[in-house]
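Student: For reference, the sequence and a predicted model appear below.
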Amino acid sequence: VASQEAPSAPPSPEQIEFFETKVRPLLANNCQSCHSKDVQMGGLRMDSREALLKGGDSGPSLAGTDADKSLLIQ
């Protein structure tokens with residue numbers, strides 16, 4: 001299982017814009033019905049950055065900057 005430490009720097013305005021326009025809509029349409037505040041299959045929430053960094057029962061969902069090692073991508 002990949003480990004993840006919280007990034008030391010906050011996301012840039014460009015990163016926030018990318019997340020809000022490209023990533024959040026994907027998560028809302030495809031993931032949050034099973035991974036939200038109300039339902040957490042596998043102990044995983046996907047409705048906030050902090051929840052994605054924390055991960056679920058299988059561990060952190062993100063692996064830093066190496067997307068191929070992230071459970072979310074696998």
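Tutor: Yes, it's here. Numbering: from 1, shown residues only.

Student: Okay, helices next: where are they in this protein?
Tutor: 13-18, 24-30, 49-54 (DSSP state H).

Student: if you compare the ones you listed, which one is most tucked away?
Tutor: Counting by mean count of other CB atoms under 10 Å, helix 49-54 has the highest mean neighbour count of the helices of the chain, with a mean of 16. Glycine gets a C-beta too; all of them are placed from N, C-alpha and C.

Student: List the contacts of that helix.
Tutor: Helix 49-54 has contacts (CB atoms under 8 Å, 6 or more residues apart in numbering) with 4, 6, 11, 19, 44-46, 60-62, 72.

Student: Filter those residues down to the ones in strands?
Tutor: Judged by DSSP state E, strands contain none of the contacts of helix 49-54.

Student: Can you name the two of those residues that sit furthest apart?
Tutor: Comparing every pair within the contacts of helix 49-54 by CB to CB identifies Pro11 and Leu44 as the most remote, at 20.8 Å.

Student: Tell me which of the two has more neighbours.
Tutor: Shown here are Pro11 and Leu44; by other CB atoms under 10 Å, Leu44 has more neighbours (21 against 12).

Student: pLDDT below threshold where in the chain?
Tutor: Scanning the chain for pLDDT under 70 picks out 1-8.

Student: Now render the helices of the chain as JSON lines, adding distance to Lys37.
Tutor: JSON lines is the format used below for these (distance: least, CB to CB, whole Å):
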{"stretch": "helix 13-18", "distance to Lys37": "21"}
{"stretch": "helix 24-30", "distance to Lys37": "13"}
{"stretch": "helix 49-54", "distance to Lys37": "9"}
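
Student: which stretch among these comes nearest Val39?
Tutor: helix 49-54 (12.7 Å).

Student: That closest one: how far from the chain's middle?
Tutor: Computed by CA atoms, centre = their mean, to the nearest Å, the chain-centroid distance of helix 49-54 equals 5 Å.
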